[in-house]
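[1] Here is my input, please return the structure:
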Amino acid sequence: MIEAPQLPSSPTNPPPATATTMPWLPPPPLISGENAAAYDDMLARISGTLKPADILEEIWVRDVVDLVWDAFRLRRLKAHLLAAAAHEGMAKLIGPLLDWDFTDQIARRWAVGDEDAVQTVEATLAAAGLTMDAVMARTLGLKIHEIERIDRMAMAAEARRNAILREIERHRASFARTLRRAVEDVEDADFKVVAAQETAREEAA
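    Residues are numbered from 1 along each chain as shown. Prediction:
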């Protein structure tokens with residue numbers, strides 16, 4: 001099973017006491033192999049840090065969690081994409097060093113751990129002064145367009161996350177201003193009442 005990154009515990013970010021803190025929201029957008037408990041853990045931790053004050057903030061917190069999860073997922077899948085395509089990079093790299101008619105076959109056998117193919121590949125790379133970094137560099141070159149798209153998607157998720165966090169800040173600032181005005185109105189009203197009472201007592205005296 002694919003494990004998602006775990007957030008560390010801290011005094012301001014304690015481990016969750018329960019799984020999902022907002023059960024009325026839709027199910028988490030998980031794909032096959034992802035850890036639902038890890039998602040719930042992230043939701044509880046981020047919710048505990050941001051402490052949503054109303055339903056709007058709860059929805060925004062869920063959006064933030066989904067976008068953070070998306071960014072983690074995309075980075076993880078990018079690594080898996082390179083790993084899954086490594087045999088293609090291997091074939092392109094050793095092609096000029098071996099007989100092209102057998103390169104693809106050797107690369108595929110190497111990818112599944114065939115001992116003879118592994119020895120052939122290692123000996124070929126060593127003779128050319130190359131390492132697995134060269135293999136992955138060649139693989140990156142083959143998949144560069146997919147990698148760039150994944151990076152753009154991750155950056156877009158992070159930008160949307162940051163926009164939501166700014167929206168929460170504006171929402172709280174607006175609420176604070178409204179609350180401050182309400183308090184000032186109440187204080188002004190109380191002052192007027194007290195002043196009127198003082199004036200009445202002075203006139204009566």
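[2] List the contacts of the residue sitting nearest the centre point of the chain.
    The C-alpha lying nearest the average C-alpha coordinate of the chain belongs to residue 68 (Cα atoms, centre = their mean; 2.3 Å). Residues touching residue 68, when contacts are defined by Cβ atoms under 8 Å, 6 or more residues apart in numbering, comprise 42, 46, 157, 161. For glycine as for every other residue, the C-beta is placed from the backbone atoms N, C-alpha and C.
[3] ditto for residue 120
    Neighbouring residues of residue 120 by Cβ under 8 Å, 6+ apart: 98, 106, 110.
[4] rerun at 6 Å
    Contact partners of residue 120, counting by Cβ atoms under 6 Å, 6 or more residues apart in numbering, are residue 106.
[5] Name the helix or strand for it, please.
    Taking DSSP states H and E as the criterion, the element that holds residue 120 is helix 115-128.
[6] Which residue is the nearest non-sequential neighbour of residue 67?
    residue 161 (4.0 Å; Cβ to Cβ, 6 or more residues apart in numbering).
[7] I figured the one you found was touching residue 64, is that so?
    Yes. Residue 161 lies in contact with residue 64 (Cβ atoms under 6 Å); the separation is 5.5 Å.
[8] Show me which of the two is the more surrounded one.
    The neighbour comparison of residue 161 against residue 64 (other Cβ atoms under 10 Å) goes to residue 64, with 23 against 18.
[9] distance of the more buried one from residue 171?
    Here the criterion is Cβ to Cβ, to the nearest Å. By it, residue 64 lies 13 Å from residue 171.
[10] Please apply the same query to residue 114.
    From residue 114 across to residue 171, the span is 59 Å (Cβ to Cβ).
[11] ok, now residue 138?
    Per Cβ to Cβ, residue 138 is found 49 Å from residue 171.
[12] So these two - more neighbours on which side?
    Summary of the neighbour comparison: residue 138 and residue 171, criterion other Cβ under 10 Å, with residue 138 having more neighbours (21 against 15).
[13] contacting residues for the more buried one?
    With Cβ under 6 Å, 6+ apart, residue 138 has these contacts: 89, 92, 93.
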